[in-house]
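Q: Sequence and predicted model, in that order:
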Amino acid sequence: MSNGKLVLGLLAGVATGALLGVLFAPEKGSVTRRKLKQTGTDYMDGLKDKLDDFLESVTDTYENIKDHVSGMQEDAEEQIKTAKNAASGHKA
């Protein structure tokens with residue numbers, strides 16, 4: 001299981017537990033609604049943070065791959081140039 005799935009599962013469990021705790025607490029409805037709203041807001045903030053981290057990770061990975069491929073392309077072009085120069089040197 002990836003760390004992202006583990007954290008997401010953990011957040012879902014915490015949110016579910018908090019929601020059930022608030023629902024079964026013997027408090028006034030307005031207090032319960034306020035707690036539910038806060039729990040939902042906290043959960044969404046956590047989810048947004050995880051999504052931002054995931055997107056940053058994907059972007060970093062993309063940039064690393066792009067840089068690596070670009071380097072490989074430059075190396076290949078240099079090898080082709082060297083081979084062409086060597087071939088034209090043998091013709092003369």
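A: Yep, it's here.

Q: which other helices and strands contact the lengthiest helix in the chain?
A: Using DSSP state H to define each element, the chain has its longest helix at helix 29-91. For helix 29-91, the elements it packs on are helix 3-24, judged by 3 or more C-beta pairs under 8 Å, 6 or more residues apart in numbering; DSSP states H and E. Using the backbone N, CA and C atoms, a C-beta is placed for each residue, glycine as well.

Q: what's the helix it packs on in contact with?
A: Contacts of helix 3-24 with the rest of the structure, by C-beta atoms under 8 Å, 6 or more residues apart in numbering, involve 32, 35, 36, 39, 40, 42, 43, 46, 47, 50, 54.

Q: do that again at 6 Å, thanks
A: Helix 3-24 is touched from outside by 32, 35, 36, 39, 43, 46, with contacts defined as C-beta atoms under 6 Å, 6 or more residues apart in numbering.

Q: just stretch 33-47 next, same as before
A: 11, 15, 18, 19, 22.

Q: which one of those is nearest residue 82?
A: residue 11 (54.4 Å; C-beta to C-beta).

Q: in this protein, what secondary structure element scores lowest on mean pLDDT?
A: Lowest on mean pLDDT, DSSP states H and E among the helices and strands of the chain sits helix 3-24, with a mean of 80.

Q: Now that one: buried residues?
A: By neighbour count on 16 or more other C-beta atoms under 10 Å, the buried set for helix 3-24 is 8, 11, 15, 18, 22.

Q: Run the chain-centre distance for stretch 57-64.
A: 9 Å (C-alpha atoms, centre = their mean, to the nearest Å).
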